[in-house]
Every structure is written in structure tokens, then in C-alpha cells.
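K.L.:
for reference, the sequence and a predicted model appear below.
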Amino acid sequence: MLGYVTTPPRAAVLGAIITLLSLLPVGVSPARAAQSDAFSNPAVTARLLTAENGVAPGSSTISAGLDLELGEGWKTYWRSPGEVGIPPSIDWEGSRNVADVEFMWPAPQRFTAFGIENFGYHEKVVFPLRITLKDPGQPALLAGKVNLLTCSQVCVPQDFELTLDLPTGKGIDEASAAAITRFAKLVPQDGAAAGMTVETANLDDELTALTLTARSDTPFRNPDVFPELGDGTAFGKPDIRLGDGDRLLWARLPVLSAAEDRPELSVTITDGERAATIAPQMTPDAAAPPFALDRVVPAFGEIVWIALIALLGGLILNVMPCVLPVLSIKLSSVMASHGQDRGRVRGGFLVSALGVLAFMWVLAAGTLAAQWLGLSVGWGLQFQNPVFLAVMFLILAVFAANLFGLFEINLPAGLQTRLARRGGGKGYAGDFATGAFAAVLATPCSAPFLGTAVAFALSGRPTDIVIVFTALGLGLALPYLAVAAFPGSIAYLPKPGRWMTWLKVVLGGLLALTALWLIWVLDGVGGRNAALAVALSSLALIAVLSLRRVPAAAKWGAAVVIAAVPLISAGYLAEAGRSTVAAEGATAWAPFDRAEIARLVSQGNVVFVDVTADWCLTCKANKALVLDRSPVVEALAAEGVVPMQADWTRPDERISRYLESFGRFGIPFNAVYGPAAPDGIVLSEILSSGAVLEAIQNAGGEQVVQR
């Protein structure tokens with residue numbers, strides 16, 4: 001059986017075809033068009049073309065093409081289709097006087113639908129065919145059984161046969177020759193012919209990303225990169241950056257799936273009408289620093305607007321339900337300020353605000369370092385780390401026990417005296433720690449208006465990251481700054497008394513509830529054994545600190561040793577935990593699968609995607625107030641609606657890449673796909689029943705029936 005050749009054609013072959021077409025005589029035997037009868041439906045019109053009207057005497061090759069005219073909104077696929085799709089193929093078994101057919105692939109375009117990357121063609125494409133004859137100069141019959149996949153809002157496989165009879169004769173068909181020539185020029189050349197080289201290419205050991213650098217003799221204008229590593233290996237959208245006068249290209253492509261048996265790497269680089277296919281050698285390192293390369297600089301007004309959004313988002317974080325312990329800490333700070341002079345109050349709250357900003361700057365520095373190393377970064381991802389959860393639980397448990405009066409944490413008398421002389425009370429170190437700890441607990445989930453600013457920062461330049469995180473910290477620190485600006489406002493609060501004892505109990509209860517939530521999250525992230533070990537060792541620490549008649553040195557020595565146990569337990573006992581995001585509820589959630597979204601929508605279904613995690617309290621609020629209540633429950637259970645849930649409690653590269661495709665780096669995240677919304681309708685972080693129902697209706701293109 002004769003089939004198509006999947007290896008890239010050589011520049012010499014392409015040059016010979018184009019030269020042959022340009023030298024063929026024009027205008028001879030114009031009566032017969034060199035094309036087959038058409039196969040046609042709303043998705044595609046297909047026919048075979050040949051430049052020649054017949055087989056010239058002594059000719060051993062024919063220049064032909066598979067001509068596809070795609071309907072509006074329809075596309076078909078390249079030889080490497082991306083995450084999903086099927087490339088066109090032709091079976092020539094029924095042909096006569098045909099020895100071989102070389103199938104050539106014009107450079108593809110990139111399509112993004114359902115958050116999935118695909119490569120292919122739309123409107124019109126002609127695949128050049130170089131046909132070698134068994135008997136030169138003799139008549140031939142081209143009979144091809146074509147198989148291809150066309151996709152729009154739905155995907156339709158196409159199977160049909162095209163035949164073209166070529167008798168002996170001379171002359172060419174001008175229109176057919178021009179169409180074949182046009183697309184033959186778009187077939188990628190080798191690197192030397194296109195003036196491009198790939199200098200480095202590296203696939204990391206964890207198979208998470210392909211990083212490469214390339215150079216061009218002329219400046220790149222609008223480049224794209226399409227790597228091929230065999231069936232079963234798919235790459236996401238590349239992060240492309242240019243430098244050295246736009247002649248240097250640096251690209252990093254996430255690996256979406258990787259086959260066990262992989263052939264040698266092949267990379268196709270397109271840039272306008274230029275295209276080259278290169279087979280580079282893998283190198284130990286291809287990490288050209290992205291910060292050394294040129295970036296598009298956002299307008300000043302855009303940066304100011306994003307900074308204002310971050311400032312507002314940070315302010316809103318103060319009243320979000322996921323930061324109740326922050327409120328506890330702030331109220332404790334206010335209580336401790338009674339009886340202090342205005343200068344001490346102002347200084348203490350300014351230092352607390354500095355603690356908030358310091359933590360945000362640490363986050364910014366960590367983000368810059370992660371980007372420099374080519375790692376994926378996100379908002380709130382520290383809550384996927386069992387050691388971090390253990391540290392937070394230990395601190396909150398100790399703070400709660402302290403507020404309940406089980407023990408007091410006091411610095412040595414000499415140090416207290418020095419701090420008191422410098423600033424009074426427990427000193428500015430405690431104020432700084434209060435602000436920093438408040439900021440730490442404010443990041444498990446993003447507030448309204450915050451996602452845009454964080455996404456802008458995480459995908460931007462170093463200056464963008466610093467500006468946005470600073471603005472976010474200022475917003476979160478505004479309550480501290482307000483008290484620092486008007487320290488006299490403390491005088492209007494109730495005077496110290498018995499109410500403070502009860503308030504301490506209430507605040508301790510809030511911290512204890514937060515600690516219980518953290519241990520519950522740890523159970524999902526690190527497993528039951530890690531959670532139990534952390535909880536029991538933390539309780540042992542509190543018991544030791546509560547001992548009254550034990551020498552201070554012995555008590556604190558034992559406390560230091562015991563405090564290390566939760567951290568070690570979280571690291572060594574961590575295992576695949578049991579997330580509760582898909583626990584019993586009113587909705588039967590399907591597991592997240594990006595490729596399955598495309599298949600379901602192609603069948604006319606609506607897909608509701610919910611990205612959630614045990615540690616995201618806003619996600620829990622959305623579930624309790626909207627997703628698990630009527631009429632949303634009925635809408636998600638309706639025929640033709642598929643609810644799909646992505647559990648991000650633990651790190652998952654598939655989900656991270658899915659969020660990044662929308663420019664998002666935190667959760668909650670919800671999107672609705674359907675025949676009328678193949679690219680998805682993204683919902684606000686705070687859901688409402690009306691917004692969910694409207695999105696389902698719009699995505700389906702028909703009214704949602706509520707039962």
C-alpha cells in the first residue's frame with residue numbers, strides 16, 4: 001500500500017518542484033482542467049490537482065496537490081496535530097502506474113480551543129504531492145482514499161475517495177500550478193536554506209518542559225515554534241522571547257504528555273512566510289536567561305491600572321473569609337496598644353505594615369527566582385506543601401493555646417528591658433512578625449479583582465512583579481497604616497477590662513478553628529499519617545510549654561526538640577493524601593481531562609469546569625453557596641451538561657498549565673464550554689447562581705431547562 005511520507009521534505013526536493021512548475025509551458029491543451037471531481041460538504045470541499053494536464057513523454061514525476069477548501073470556522077490538522085486531532089492521510093492502493101507519493105506539509109498555524117493547543121489549517125490549504133511513476137511517460141490513474149478530521153464547534157471525520165485520470169499529453173493548468181506552487185513555498189525548508197539554526201535544545205529529566213534557543217540571519221518578526229517528539233508527546237503554548245536585535249529566540253514549551261518511546265527531536269520554526277524544520281541535538285542546558293532578552297514593555301497607564309487593582313485586591317483580602325485569623329492578629333495588636341504613647345503606637349503599626357510588605361517582597365523574590373529557573377509559579381501554592389502546612393499549624397496551635405491562657409511566651413528579662421527602652425511593650429520585632437504572619441495567611445485563595453493583577457505580575461517583567469506585589473502588600477497593610485496615621489483613634493476603643501479576657505478566648509477560638517482547617521488540608525495533601533503525627537507532636541509541644549514547675553531552660557530545650565518533630569513528620573510521612581473536593585455532594589463530578597472537554601463539546605455537550613482545592617476557602621464558599629444549591633444543582637445534572645472537577649489540592653502540572661492558558665495562577669477558577677463557546681466562558685472568582693446558569697445557557701446555545 002502506498003502512503004504519505006511523514007518526514008520533512010528536503011529543500012532540494014522543494015526547489016526542484018517549484019522550478020519544474022515554473023518551467024512548464026503555459027497555455028498548451030487548455031481544454032482539460034487538471035483536477036478531479038470534488039468531494040463537498042459544509043465542512044470541506046476537496047479535490048486532487050495536478051500542474052500537468054497529462055503525462056508528458058519520458059516524464060517520471062507528476063506535481064500534484066490535495067486541495068482542501070474549509071468552510072467558515074472549520075479547520076483540519078498538521079502532521080503533528082497537538083494535544084488532540086488526526087492528521088490527514090491518503091491511501092493510494094487503487095492507483096495505476098504510481099510507484100511512490102511524497103506528501104508534503106505546509107507550515108501550520110496554531111489554534112487554541114477548549115484550552116487545548118492544536119496545529120493545522122483553516123480556509124484553504126493545498127498539500128503538495130510529488131508523484132513518481134512506475135513507467136515514465138505512460139498514462140496514470142490517481143486514486144486516493146482520503147481520511148481527515150475537520151473540526152469547528154464539533155469534530156467530523158471525513159472519509160472519501162478522489163480519482164484523477166492522467167492520459168499522455170502536454171501542457172499545464174495555470175490555476176492548479178499556481179495553487180500548488182503557492183503552498184509548496186510554505187513547506188518548511190532546512191535550516192540553512194531558511195537562514196535559521198537551533199543552537200541549544202534541552203528536555204529536562206522530569207519531562208516537564210522543552211527549552212531551546214535559535215538564531216536567524218534576519219530579525220524574527222512573529223515567530224512560532226512547533227516541536228515534534230513522536231506520537232503520544234504533546235507540547236503546550238510556547239513562551240517565546242527575543243533578544244540580540246530580534247535575531248536570538250528563546251522558547252520554553254511545557255510538556256503536556258510524553259510517550260515512553262520517543263524518536264529524535266524535530267523542531268519547526270515559522271516566521272511569516274519563512275519556515276524551517278530542524279533536527280537539533282539535545283544539549284545539557286538550553287536555559288538562556290529570559291530576563292536577558294527583550295520584552296514588550298507595557299504602557300505606563302496599564303502598569304498604574306494593574307497596581308491600583310492589586311491595591312484594591314489587597315484591601316479586600318482583609319475582609320475575605322479566608323483571612324479570619326488575620327483579623328484575630330490585628331485585633332490583638334490593637335488591644336496591646338492601649339496605654340501606649342502615640343509615638344509607640346504609630347511606630348508599632350508602621351513596623352507591622354513593613355512586615356506585610358516584607359513578606360510580599362519575599363514572594364516577589366521567590367517568583368523572580370522561579371521564573372529564572374524556568375519553574376511554574378502560582379498564587380497560594382505554598383498550601384500544597386505539607387511542610388508549610390505543618391509550620392502554619394504549629395504556629396497557630398501555639399498562638400491559640402497562648403490566647404487561651406495555657407502559658408505565656410515571654411522574652412528574657414534583660415532583652416525585654418532593652419526592647420522596652422527602645423520601643424516599649426514586646427518591641428518592634430513582635431510587631432514586624434505580626435504583620436508578616438498576617439500576610440502569610442492571606443494567600444491561600446485570591447479575592448475578587450486580585451486574579452488579574454497577580455496574573456499580570458507572574459507573566460510579566462521583573463519590574464511588573466515588584467510593582468504588583470508591593471501594591472498588593474500596601475492594600476493588605478492599609479489597616480495598619482490607617483492606625484499609624486491616626487494613632488489617636490486607639491483612644492476611642494473600649495478601655496482594658498474583663499472584656500479583653502473574653503475577647504482573647506474568642507480570638508483563640510478563631511485561631512484554633514483555622515489550625516483545625518490546616519490539619520484537615522494537610523490530611524488531603526500529605527496523608528493521614530503525616531496529619532496525625534503533626535497534630536500529636538504539636539499537642540505535645542503545647543503540653544510541655546504549659547508545665548508550670550519546670551525549670552525554664554529544661555522546658556524551652558524540650559520545646560525546641562519537640563517543635564522539630566512536626567516539620568520532620570510532614571516531610572518524611574507525606575504521601576498521596578485523600579482530598580475531599582469530590583466528596584459526597586449533590587453533583588456527580590467527572591475527573592478533569594482537557595482532551596475530554598473537546599470530545600464532549602464536539603458531541604454537543606456543555607462542560608462546566610471547576611478548579612478547586614481543599615485549602616481554598618473561597619472555593620468552599622462557592623460550593624456551599626452556589627454549586628451545591630438549587631437551581632445550579634439541577635442545571636449541572638441536566639441532560640447534555642457534564643460537570644468536571646480539577647482537584648488542585650496537591651501539585652498537578654496538568655492543572656497548572658490549564659490555568660496558565662487563561663492567564664490565571666490561582667483559584668477558584670470556573671469555565672463553561674459548549675457548542676456556542678468552544679473557547680470557554682470564564683466566570684468570576686466569586687460565583688453566583690445567575691452567572692453560572694447564564695454561562696451554561698450561552699455555552700449551549702439554548703435555554704437551560706430548570707426542573
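P.N.:
Ah, there it is. Residues are numbered from 1 along each chain as shown.
K.L.:
quick check: Glu273 touching Leu186?
P.N.:
Yes. Taking C-beta atoms under 8 Å as the definition, Glu273 is a contact partner of Leu186 at 6.7 Å. Where C-beta positions appear, they are placed from N, C-alpha and C, glycine not excepted.
K.L.:
ok, these two, which is more surrounded?
P.N.:
Comparing Glu273 with Leu186 by other C-beta atoms under 10 Å, the one with more neighbours is Leu186, at 19 against 8.
K.L.:
got the domain ranges for this protein?
P.N.:
Recorded structural domains for the chain (assignment: automatic domain parsing) are 11-184, 191-292, 300-573, 590-700.
K.L.:
lowest average pLDDT across those?
P.N.:
The weakest mean pLDDT among the domains of the chain belongs to domain 300-573, with a mean of 69.
K.L.:
how about the helices in the stretch 201-350 of the chain?
P.N.:
300-317, 324-336, 342-372 (DSSP state H, counting those that start in this stretch).
K.L.:
likewise for the stretch 51-200 of the chain?
P.N.:
174-184, 191-194.
K.L.:
and these: which comes nearest Ala695?
P.N.:
helix 174-184 (40.0 Å; C-beta to C-beta).
K.L.:
next one: the closest residue to Gly120 other than its chain neighbours from Gly169, what distance?
P.N.:
Once flanking residues are discounted, Gly120 sits nearest to Tyr77: 4.1 Å by C-beta to C-beta, 6 or more residues apart in numbering. Distance of Tyr77 to Gly169, given as C-beta to C-beta, to the nearest Å: 35 Å.
K.L.:
okay, the two: which has more neighbours?
P.N.:
Remark: of Tyr77 and Gly169, Tyr77 carries more neighbours, 22 against 16, as counted by other C-beta under 10 Å.
K.L.:
and Val84, how far is that from Ala107?
P.N.:
20 Å.
K.L.:
compare those two (neighbour count), which wins?
P.N.:
It is Ala107, of Val84 and Ala107, that has more neighbours when counted by other C-beta under 10 Å, with 25 against 22.
K.L.:
and stretch 56-67, how far out from the chain middle?
P.N.:
47 Å (C-alpha atoms, centre = their mean, to the nearest Å).
K.L.:
quick one, helices of the stretch 601-707 of the chain?
P.N.:
Under DSSP H, counting those that start in this stretch, the stretch 601-707 of the chain gives helices at 617-622, 632-636, 653-660, 689-700.
K.L.:
Ile90 is nearest to which of these?
P.N.:
helix 653-660 (34.0 Å).
K.L.:
using CSV, list the CA coordinates for the closest one.
P.N.:
Extracted in CSV, the C-alpha atoms of helix 653-660 (Å, rounded to 0.1, in the frame of the first residue of the first chain):
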residue,chain,number,x,y,z
GLU,A,653,1.2,20.2,36.2
ARG,A,654,-1.8,19.5,34.0
ILE,A,655,-4.0,21.8,36.1
SER,A,656,-1.2,24.5,36.4
ARG,A,657,-0.8,24.6,32.6
TYR,A,658,-4.6,24.7,32.1
LEU,A,659,-4.8,27.7,34.4
GLU,A,660,-1.9,29.4,32.7
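K.L.:
Ala439: which element?
P.N.:
helix 428-440 (DSSP states H and E).
K.L.:
sorry, wrong one. I was asking about Asn402.
P.N.:
Per DSSP H and E: helix 386-403 holds Asn402.
K.L.:
tell me the angle that helix makes with helix 428-440.
P.N.:
If you take axes from the mean of the first three to the mean of the last three C-alpha atoms, to 10 degrees, helix 386-403 sits at 130 degrees to helix 428-440.
K.L.:
who are the packing partners of helix 386-403?
P.N.:
Judged by 3 or more C-beta pairs under 8 Å, 6 or more residues apart in numbering; DSSP states H and E, helix 386-403 is in contact with helix 498-526, helix 528-545, helix 552-573.
K.L.:
adding distance to Val146, write the ones you listed out as a markdown table.
P.N.:
Converted to a markdown table, the helices and strands packed on helix 386-403 look like this (distance: least, C-beta to C-beta, whole Å):
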| stretch | distance to Val146 |
| --- | --- |
| helix 498-526 | 50 |
| helix 528-545 | 56 |
| helix 552-573 | 57 |
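K.L.:
which one, of the ones you listed, ends up nearest to Gln281?
P.N.:
Here helix 552-573 is closest among the helices and strands packed on helix 386-403 (C-beta to C-beta), at 38.7 Å.
K.L.:
which helices and strands sit right next to the helix or strand following the closest one?
P.N.:
Following helix 552-573 in sequence order, the next helix or strand is strand 590-591 (DSSP H and E). Contacts defined by 3+ C-beta pairs under 8 Å, 6+ apart place strand 590-591 against strand 641-647.
K.L.:
each with direction, which strands does the strand it packs on pair with?
P.N.:
According to DSSP bridges, strand 641-647 has the following sheet partners: strand 590-591 (parallel), strand 606-612 (parallel).
K.L.:
Val632 and Ala177: what is the separation?
P.N.:
Taking C-beta to C-beta, one finds Val632 at 59 Å from Ala177.
K.L.:
more neighbours: these two, which one.
P.N.:
Val632 (25 against 22).
K.L.:
need the contact list for Ala259.
P.N.:
229-233 (C-beta atoms under 8 Å, 6 or more residues apart in numbering).
K.L.:
count the neighbours of Asp205 for me.
P.N.:
Considering only other C-beta under 10 Å, Asp205 is surrounded by 6 other residues.
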